[in-house]
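Colleague: Return a 3D structure for these sequence lines:
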Amino acid sequence: MTPELRIEIHVSGRVQGVGYRAFVLQEASRLLLTGWTKNLPNGDVQTIAEGSKQALEELLERLREGPRYAEVMHHRVVFLEATGEFSAFSVRT
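Modeller: A predicted model of the protein is given here:
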């Protein structure tokens, strides 16, 4: 199935060292999205995901909250055209 959309999300706050990437992986996998998530040197977490508009909107809603010990202070989202380059969702280091 070809993905409809791609989103690039940057979140900042207390999002490293609190299981945020594992949370993103779990949510993206549950929603059958493809892409990746990784920690950035500045303390943010970046996520690129592709899939249906509905699934991406649900992921975005969940990532604004984050896991239990995270505190998302800011988020930036860019909607893009899907490329179909991913076969699964992964955590990058």
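
Colleague: residue nearest the centroid of the chain?
Modeller: T47 (3.8 Å; Cα atoms, centre = their mean).

Colleague: That residue reaches W36, doesn't it?
Modeller: Yes: judged on Cβ atoms under 8 Å, T47 makes contact with W36 at a distance of 7.3 Å. Quick note: C-beta positions are derived from backbone N, CA and C, even for glycine.

Colleague: Let's verify the nearest residue to L60 once chain neighbours are set aside: helix, strand, or coil?
Modeller: Spatially, and ignoring its direct neighbours in sequence, L60 is nearest to V77 (6.2 Å; Cβ to Cβ, 6 or more residues apart in numbering). With DSSP: H, G, I helix; E, B strand; the rest coil as the basis, the three-state label of V77 is strand.

Colleague: For the closest residue to A49 other than its chain neighbours, what is the enclosing helix or strand?
Modeller: The shortest distance from A49 to any non-neighbouring residue, by Cβ to Cβ, 6+ apart, is to G35 (4.0 Å). Per DSSP states H and E, G35 falls inside strand 34-39.

Colleague: repeat for M73
Modeller: M73 belongs to strand 71-81, assigned by DSSP H and E.

Colleague: can you give me how far the strand holding G35 is from the chain middle?
Modeller: 6 Å (Cα atoms, centre = their mean, to the nearest Å).

Colleague: that older thread, packing partners of the strand holding M73?
Modeller: strand 5-14, helix 53-65 (3 or more Cβ pairs under 8 Å, 6 or more residues apart in numbering; DSSP states H and E).

Colleague: E85 is nearest to which of those?
Modeller: strand 5-14 (9.3 Å; Cβ to Cβ).

Colleague: So what's the model's average confidence on that closest one?
Modeller: The pLDDT scores in strand 5-14 average 97.

Colleague: now do stretch 31-45
Modeller: Stretch 31-45 comes out at a mean pLDDT of 97.

Colleague: V78 reaches E8, doesn't it?
Modeller: Yes: V78 is within contact range of E8, at 4.6 Å (criterion: Cβ under 8 Å).

Colleague: follow-up on the earlier one: quick one: neighbours of the residue nearest to A49, just the number.
Modeller: Per other Cβ atoms under 10 Å, the neighbour tally for G35 reads 26.
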